[in-house]
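*Asks:* what follows is a predicted structure for the sequence shown.
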Amino acid sequence: MDLRRDVFQAIADPTRRAIITLVAAHAMTPGAIAENFDSARQTISKHIQILTECEILKQEQQGREIYYHLNPQKMKEISDFIEPFRQLWEERFNKLENIMQQYKTPKKK
Amino acid sequence: MTRKTKIHAEEDRHDLLITREFDLPLELLFRAYAEKEIVEQWMGTHVVAQDNRKFGNWHYQTSDGDGNIVFEAHGTFHDFVPNEKIIRTFEMINAPFDVQLEFLEFTSLGEERSKLNMQIVYRTIELRNQMLKLPFEYGLNMAHDKLEKLLTT
C-alpha cells in the first residue's frame, strides 16, 4: 500500500493545487471548476477524479448537481507530511548529480 | 520515479537527517561542496565567499532579474575535511528563522558511488517542523497566487 505517495502525486500537480485552492473557498460543481481553466473539461474532470480518490475532495449531491468540497481533515494530514520538503532536496541533489556527471570526463583546455 | 533522497524526522526532536546516495565518486561529490563555480551551478546562487577551512566563512546571495536579493545566507565552517566532512552553521538573512547547525558526512560506496549524510539541528522543535512544512505551504501559495492572477485578468 502506497497511499501517501499517491496523495503527494495528487498535490504535486499545479492544476490540482489550483483546484484545491478554488474549492477551499466554497463547494463547486465540476462545471464551475472547469470554467477557471483553459484545459479541456475532460482534463479537469480527470484531475477532480484523482483528488476525490485521494479523499482530498468530497462529493455532495445537491438536487441534480454534484458539488465538490474540500476535506479539511485530509488537507491537515497532508500538511503534516514532509514529502514536498523531500522533493525539494531530491531536485537539488539531482541537479548536483547531473552537473557533476559532466566533470567525470573533463574537457581538455 | 526514483526516491534516492530520504528524510528522517522523528517526533519531538529538533533535528532531521537527510541522506542521499549519488552515482558519483566521492571526490566529485565533495567537489560540488568545495568549489565556488560548482556550488554556483547547482545551488543556483552567487557565492560571495567560501573560505573552506575551520573558522572560514561562507556567504551566498541569489538575485532576481532586476538585481533584488531574493535569498541570502551565510555561516561559518567549524570543520572542513575534504572527502570526509563539513560542519557549518547556516543562517538566512532577512528571514525569521534562527541559525541552524549542519553536519555533512561524505562516504564512498565504491568507485562510482557515494553517500551524503546531512544532519540539520534547529533551535526548537517548532522551528524544525516549520521548516519541514515550508515547501508544501509554498506550493499551495504558488497555486493560490497563480489562481488570483487568473481570476483578476
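*Replies:* Received the coordinates, thanks.
*Asks:* burial count for B:I18?
*Replies:* Other residues near B:I18 come to 22 when the count uses other CB atoms under 10 Å in any protein chain shown. The way it works is simple: take the backbone N, C-alpha and C, and place the C-beta from them, glycine included.
*Asks:* quick one: buried residues of the one helix or strand it maps to?
*Replies:* B:I18 is part of strand B:15-22 when elements are defined by DSSP states H and E. Going by neighbour count (16 or more other CB atoms under 10 Å in any protein chain shown), the buried part of strand B:15-22 is B:D15, B:L16, B:I18, B:T19, B:R20, B:E21, B:F22.
*Asks:* the inter-axis angle of the helix or strand just after it versus strand B:15-22?
*Replies:* Downstream of strand B:15-22, the first helix or strand assigned by DSSP H and E is helix B:26-34. Between the axes of helix B:26-34 and strand B:15-22, defined by axes from the mean of the first three to the mean of the last three CA atoms, to 10 degrees, the angle is 130 degrees.
*Asks:* CA atoms of helix B:26-34 as PDB?
*Replies:* C-alpha atoms of helix B:26-34 as PDB (Å, rounded to 0.1, in the frame of the first residue of the first chain):
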ATOM      1  CA  LEU B  26      33.300  10.500  -3.500                       C
ATOM      2  CA  GLU B  27      35.800  13.100  -4.800                       C
ATOM      3  CA  LEU B  28      33.300  14.500  -7.300                       C
ATOM      4  CA  LEU B  29      30.500  14.700  -4.700                       C
ATOM      5  CA  PHE B  30      32.800  16.600  -2.400                       C
ATOM      6  CA  ARG B  31      33.900  19.000  -5.100                       C
ATOM      7  CA  ALA B  32      30.300  20.000  -5.500                       C
ATOM      8  CA  TYR B  33      30.500  21.500  -2.000                       C
ATOM      9  CA  ALA B  34      34.000  22.800  -2.200                       C
END
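*Asks:* where do the helices sit along the chain?
*Replies:* No chain specified, so I'll use chain A. A:3-12, A:14-25, A:30-34, A:41-53, A:72-80, A:83-102 (DSSP state H).
*Asks:* hm, I was asking about chain B
*Replies:* Using DSSP H, helices in chain B cover B:26-34, B:36-43, B:125-152.
*Asks:* out of the ones you listed, which is closest to chain A?
*Replies:* Of all the helices of chain B, it is helix B:125-152 that lies closest to chain A, at 3.5 Å by CB to the nearest CB.
*Asks:* give the rounded mean pLDDT of that closest one.
*Replies:* Per-residue pLDDT values over helix B:125-152 give a mean of 74.
*Asks:* pick the most deeply packed of the helices of chain A.
*Replies:* Counting by mean count of other CB atoms under 10 Å in any protein chain shown, helix A:14-25 has the highest mean neighbour count of these, with a mean of 19.
*Asks:* in TSV, list the helices of chain A along with distance to chain B.
*Replies:* Listed next are the helices of chain A as TSV, based on distance: least, CB to the nearest CB, whole Å:
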stretch	distance to chain B
helix A:3-12	7
helix A:14-25	3
helix A:30-34	11
helix A:41-53	12
helix A:72-80	6
helix A:83-102	4
